[in-house]
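> Below is the structure, and that's it, no one-letter string:
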């Protein structure tokens, strides 16, 4: 398995993975990757946004998207996992762990003090929460949002 940094030329693949993730999280609502393509390319062009792709030869297996953030409570710079997706037939095969390892390495190289992630709503996504906990993440409380 190879992990590579996604570039703008990978925008279609990244948008496809994110559309599939959104479909799962929404309970089946359709998301068109073409609708996400321009935004995906714009974000992948930013230095503070990084996508890492997992491949087995030419076969894409998964994606982790990271944002560099900063906060006093976090001790300075930190990374936020915004999307993590593994193709269904590759789950439980170590793909997500390899992506997380690559994310940790990237974070250390950038001087991040921590990684944070918002786990999906429970109990439907209990398996996702358990995965993150096995990987050393601690539950620190719910996330809230307000659309602007």
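Arrived safely, thanks for sending. It should be emphasised that the depicted structure is a prediction, and the values quoted were computed from it without experimental measurement.
> Show me the helices in this structure, by range?
11-26, 33-44, 95-110, 126-134 (DSSP state H).
> Distance to residue 2, mean neighbour count and mean pLDDT for those - can I get that in TSV?
The C-beta positions use only the backbone N, C-alpha and C, and glycine is treated the same way. Rendered in TSV, the data for those read as follows (distance: least, CB to CB, whole Å; neighbours: other CB atoms under 10 Å; pLDDT from 0 to 100):
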stretch	distance to residue 2	mean neighbour count	mean pLDDT
helix 11-26	14	18	96
helix 33-44	18	16	98
helix 95-110	9	17	97
helix 126-134	22	14	83
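> partners of the lengthiest strand in the chain in the sheet?
Determined from DSSP state E, the single longest strand within the chain is strand 59-71. When pairing is defined by DSSP bridges, strand 59-71 lines up against strand 49-56 (antiparallel), strand 76-86 (antiparallel).
> Identify each buried residue in it, please.
Neighbour-count burial for strand 59-71, counted by 16 or more other CB atoms under 10 Å, picks out 60-66, 68.
> how far away is residue 27 from residue 124?
Distance check for residue 27 against residue 124: by CB to CB, to the nearest Å, it reads 9 Å.
> on that earlier part again, which one, of the helices of the chain, ends up nearest to residue 53?
Closest to residue 53 of those is helix 11-26 (CB to CB; 6.9 Å).
> residues near residue 30, how many?
By the criterion of other CB atoms under 10 Å, residue 30 has 8 neighbours.
> Just give the closest residue to it, not the sequence neighbours.
Among residues not flanking residue 30 along the chain, residue 23 sits closest, at 6.6 Å (CB to CB, 6 or more residues apart in numbering).
> what residues are up against the one you found?
Under the criterion of CB atoms under 8 Å, 6 or more residues apart in numbering, the neighbours of residue 23 are 29-31.
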